[in-house]
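Student: Predicted model, plus sequence, below.
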Amino acid sequence: MNNHPSWSVYVLTAFEQFEALYGKQATKKRKLFNGFIKTDYYQYFGSKK
């Protein structure tokens with residue numbers, strides 16, 4: 001994202017410490033369930049041109 005500030009990033013993962021690993025707090029975060037598996041959908045919005 002640093003090289004392309006206008007790009008957005010979307011991540012679907014069951015790893016609970018993803019934000020700490022990625023080094024940035026998500027713009028939006030949604031909790032989802034895949035059966036009984038809790039997953040998170042992280043949205044990092046890029047800047048508008």
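Tutor: Yes, it's here.

Student: my guess is Leu21 is in a helix, correct?
Tutor: Yes: membership of Leu21 in a helix is supported by DSSP: H, G, I helix; E, B strand; the rest coil.

Student: From Ile37, how far out is Gly46?
Tutor: Between Gly46 and Ile37 the computed distance is 29 Å (Cβ to Cβ, to the nearest Å). C-beta here means a position set from N, CA and C on the backbone, and glycine is covered the same way.

Student: where in this protein is pLDDT low?
Tutor: Low-confidence regions of the chain, defined here as pLDDT under 70, cover residues 1.

Student: switch the cut-off to 90
Tutor: 1-5, 34, 48-49 (pLDDT under 90).

Student: which residues in it form strands?
Tutor: 9-13, 28-34, 37-44 (DSSP state E).

Student: didn't Glu19 look like it was pressed against Thr27?
Tutor: No: using Cβ atoms under 8 Å, Glu19 makes no contact with Thr27, being 11.0 Å away.

Student: Of all residues in the protein, which one is nearest the centre?
Tutor: Tyr42 (2.3 Å; Cα atoms, centre = their mean).

Student: That one contacts Gln17, doesn't it?
Tutor: No: in this structure Tyr42 lies outside contact range of Gln17 using Cβ under 8 Å: 11.7 Å.

Student: Tell me, how many residues neighbour the closest residue to Pro5 other than its chain neighbours?
Tutor: In this structure, Pro5 finds its nearest non-sequential neighbour in Ser47, 5.0 Å apart by Cβ to Cβ, 6 or more residues apart in numbering. Applying other Cβ atoms under 10 Å, we find 10 other residues in the vicinity of Ser47.

Student: What's the separation between Ser47 and Trp7?
Tutor: 9 Å.

Student: ok, now Phe33?
Tutor: From Phe33 to Trp7 the distance is 28 Å (Cβ to Cβ).

Student: So for these two, which sits in the more crowded spot?
Tutor: Comparing Phe33 with Trp7 by other Cβ under 10 Å, the one with more neighbours is Trp7, at 11 against 8.
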